[in-house]
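*Asks:* Task: produce atomic coordinates for the following.
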Amino acid sequence: MERKKQPKLVITFPTTTAAMAMEAACAAGQGRLIPIPREISGGCGLAWCAEPQLEDRLLRVMAENNIVYQEKRVLPLY
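*Replies:* Coordinates of the predicted model:
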């Protein structure tokens, strides 16, 4: 059975502290921390990966918790 890449929202952070704050602020099922994909450079080395339809909810969580992000993109990932 072959795995297929699916579109995923990837949010990068300028610091590891911001990435860890995102993990602490999000409920289960709202994504997970991953290493930054090759397609994106820079940041702290960690990114948040989630379903694209969660973007508005995640941006609200970051605003409520003063979490600064560097970049957000939708990329095809496994």
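
*Asks:* What are the boundaries of the helices in this structure?
*Replies:* Under the criterion DSSP state H, the chain contains helices at 16-25, 55-64.

*Asks:* how close does N65 sit to T15?
*Replies:* Using C-beta to C-beta, to the nearest Å, we find N65 at a distance of 14 Å from T15. Using the backbone N, CA and C atoms, a C-beta is placed for each residue, glycine as well.

*Asks:* swap in W48?
*Replies:* 13 Å.

*Asks:* ok, now L75?
*Replies:* On the measure of C-beta to C-beta, L75 and T15 end up 21 Å apart.

*Asks:* Same check on D56?
*Replies:* Taking C-beta to C-beta, one finds D56 at 24 Å from T15.

*Asks:* cool, and Q70?
*Replies:* Remark: distance between Q70 and T15 (C-beta to C-beta) = 9 Å.

*Asks:* And for Y78?
*Replies:* In terms of C-beta to C-beta, Y78 sits 26 Å off from T15.

*Asks:* Over to R38?
*Replies:* 21 Å.

*Asks:* who's more crowded, these two?
*Replies:* The neighbour comparison of R38 against T15 (other C-beta atoms under 10 Å) goes to T15, with 13 against 7.

*Asks:* In contact with C26, which residues are there?
*Replies:* W48, L58, V61 (C-beta atoms under 8 Å, 6 or more residues apart in numbering).
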